[in-house]
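**Student:** Please work out how this folds:
(2 chains)
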Amino acid sequence: MENMVFIFASACLINNFTLTYFLGLCPFFGVTGRLDTAFRLGLANVFVLTITSLAAWGLNTYVLPSAPYLRLISFIVVIASTVQFVEMAIKKASPALFRALGIFLPLITTNCAILGLALFQTNRGYDLLEGLIYAWGAGLGLTIALVIMAGLREENELAKVPDLVKGTAMSFFVAGILSMAFMGFAGLFHGSGGSG
Amino acid sequence: MADEKTASDVRNVDELVKGLWRDNPVFIAVLGLCPALAVTNSLENALVMGLATTFVLVGSSTLVSLLRKGIPKQVRISIYIIIIASFVTTVDFLLAAFAPTAHKAMGAFIALIVVNCLILGRQEAFASKHSVVPAMADAAGMSGGFTLALAMIGAVREILGSGTLLGFSLFGESFEPWVIMILPPGGFLTLGLLLVIFAWVKKRFEERQPGGLGATEPAAAKGGVA
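**Tutor:** Numbering: from 1, shown residues only, chains lettered A, B, ... in the order given. Predicted coordinates:
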């Protein structure tokens, strides 16, 4: 149980995917203009990460031991197609949910955070439950980072910033400071922080 | 005929150099950020990542350009991704065999070259529409620009964060390294700073168009005019 808590907190805060591993930066800098968009993008990420974790576990357990060189290709193909199937199922079953998340799904299906989760999960040898907890922690971490960033950028619109620094460069400085703040979480678990 | 030949040569050279400056993938287009920040805590890692990306980009651009007439439009993205993933798997195994230390230092980030938007972007925007030679020139230029950008970020972070360059000590014992620069926040801050410097140089260059920096930076001279 303690292990599960550690996996969750590590993926979510200590080794935040965006701010520590630099995964999923494109949506982080590209889409996070408004708070509600950022939040829905985060939820879509949680959704795809869950599917990814299940798919990666299935592949690792049943298919890849006999053909390890197909790891990358099969991860990408299986994740992308599973997400597409689930997307179709949701469109049929719950149009409201589809409208909320749908437009983001193609955008994030082969995002680095998604493939990164599959690879990290494989490298660390997580089982099914650990993988799921890891995926939820990572998804929540991404959502937190996206929402904070969107909030800061909304404030930043009003601030006086030199012309040269405006835009992307400013976002990088903000992200750097945010990343520094998240380093504080490394002390959350004594003696084990950061290595997650 | 002779004119045509020269014109196409000039175009190929232009495809090659545009990636270095005018359309630099990292500093101008802000693509491929994940590897640009994740593995650039030392110059050596940055160069390994740059070379691995070069291999993948040139290889897949060449292959996509060769196959461009046979790839059905509806499934082209999936085919590009499979081609890219094959090259990445190759480079992953090559590094693991010949440079195990570097491979270990990179962790999963070599495999993550697959999702570098720069590579898929070049297939979709260029290699699928041009013949082999321009496609290779474009890929070589873009990956050259990418490697250059990574090397710059890596050099700044290693010099400030460890006080070394390629492992050689620069400042002697008394230098107190800025550890933050080799940690994740340093990546964001360094790239932000370099973006500002690039924007400043570009603005200065556009302000005094004739002459100026052109003499020392041929790529800039060519790119800045357009």
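
**Student:** does the longest helix that chain B contains come close to chain A?
**Tutor:** Longest helix in chain B, counting residues (DSSP state H): helix B:132-162. No - contact of helix B:132-162 with chain A is not found when judged by CB under 8 Å from any CB of the partner chain; the minimum separation is 11.3 Å. Any C-beta I mention is one placed from the backbone N, CA and C, and that applies to glycine too.

**Student:** by contact count, what packs against that helix?
**Tutor:** helix B:2-18, helix B:33-38, helix B:43-67, helix B:117-125, strand B:164-165, helix B:184-207 (3 or more CB pairs under 8 Å, 6 or more residues apart in numbering or on different chains; DSSP states H and E).

**Student:** With distance to chain A as added columns, please give these in a markdown table.
**Tutor:** Output for these, formatted as a markdown table (distance: least, CB to the nearest CB, whole Å):
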| stretch | distance to chain A |
| --- | --- |
| helix B:2-18 | 20 |
| helix B:33-38 | 4 |
| helix B:43-67 | 11 |
| helix B:117-125 | 6 |
| strand B:164-165 | 22 |
| helix B:184-207 | 3 |
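
**Student:** Quick check: which of these is buried the most?
**Tutor:** helix B:33-38 (a mean of 26; mean count of other CB atoms under 10 Å in any protein chain shown).

**Student:** Next secondary structure after the worst-scoring helix or strand of chain A on mean pLDDT?
**Tutor:** For chain A, the helix or strand with the lowest mean confidence is helix A:105-108, at a mean of 72 (criterion: mean pLDDT, DSSP states H and E). Next helix or strand after helix A:105-108 toward the C-terminus (DSSP states H and E): helix A:112-124.

**Student:** average pLDDT across that next one?
**Tutor:** The average pLDDT within helix A:112-124 is 87.

**Student:** angle of the helix or strand following it against helix A:112-124?
**Tutor:** Later in the chain than helix A:112-124, the nearest helix or strand by DSSP H and E is helix A:128-156. Put simply, helix A:128-156 runs at 150 degrees to helix A:112-124, going by axes from the mean of the first three to the mean of the last three CA atoms, to 10 degrees.

**Student:** quick one: B:K104 and B:N45, what's the gap?
**Tutor:** 11 Å (CB to CB, to the nearest Å).

**Student:** any common contacting residues for those two?
**Tutor:** The overlap between the contact sets of B:K104 and B:N45 (CB atoms under 8 Å, 6 or more residues apart in numbering or on different chains) is empty.

**Student:** roughly how far is the least confident helix or strand of chain A from the heart of the chain?
**Tutor:** 12 Å (CA atoms, centre = their mean, to the nearest Å).

**Student:** same thing with stretch A:55-67?
**Tutor:** 22 Å.

**Student:** Identify all contacting residues around that stretch.
**Tutor:** So stretch A:55-67 is contacted by A:70-71, A:74-75, A:78-79, A:82, A:117-118, A:121-122, A:126-128, A:131 (CB under 8 Å, 6+ apart).

**Student:** Narrow those residues to just the buried residues.
**Tutor:** A:70-71, A:74-75, A:78-79, A:82, A:117-118, A:121-122, A:126, A:131 (16 or more other CB atoms under 10 Å in any protein chain shown).

**Student:** The helices and strands packed on helix B:132-162 into a markdown table, with extra columns for mean pLDDT?
**Tutor:** Shown next, in a markdown table, are those (pLDDT from 0 to 100):
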| stretch | mean pLDDT |
| --- | --- |
| helix B:2-18 | 71 |
| helix B:33-38 | 83 |
| helix B:43-67 | 93 |
| helix B:117-125 | 86 |
| strand B:164-165 | 84 |
| helix B:184-207 | 88 |
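
**Student:** Nearest to B:G145, out of these?
**Tutor:** Nearest of these to B:G145, taken as CB to CB: helix B:2-18 at 8.4 Å.

**Student:** What are the neighbouring residues in contact with the residue most central in space within chain B?
**Tutor:** In chain B, the residue lying closest to the centroid (CA atoms, centre = their mean) is B:F146, at 1.2 Å. Counting by CB under 8 Å, 6+ apart, B:F146 makes contact with B:19, B:25-26, B:32, B:36, B:50, B:53-54, B:57, B:118.

**Student:** if we go to 10 Å?
**Tutor:** By CB atoms under 10 Å, 6 or more residues apart in numbering or on different chains, the contact list for B:F146 reads B:19-20, B:24-26, B:31-32, B:35-36, B:49-50, B:53-54, B:57, B:116, B:118-119.

**Student:** re the thing from before, now, which of the buried ones among the contacts of stretch A:55-67 lie close to chain B?
**Tutor:** A:70-71, A:74-75, A:117-118, A:122 (CB under 10 Å from any CB of the partner chain).

**Student:** Just put these in JSON lines and tack on distance to A:A145.
**Tutor:** Putting these into JSON lines (distance: CB to CB, whole Å) gives the following:
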{"residue": "A:L70", "distance to A:A145": "32"}
{"residue": "A:R71", "distance to A:A145": "27"}
{"residue": "A:S74", "distance to A:A145": "29"}
{"residue": "A:F75", "distance to A:A145": "23"}
{"residue": "A:L117", "distance to A:A145": "15"}
{"residue": "A:A118", "distance to A:A145": "20"}
{"residue": "A:T122", "distance to A:A145": "23"}
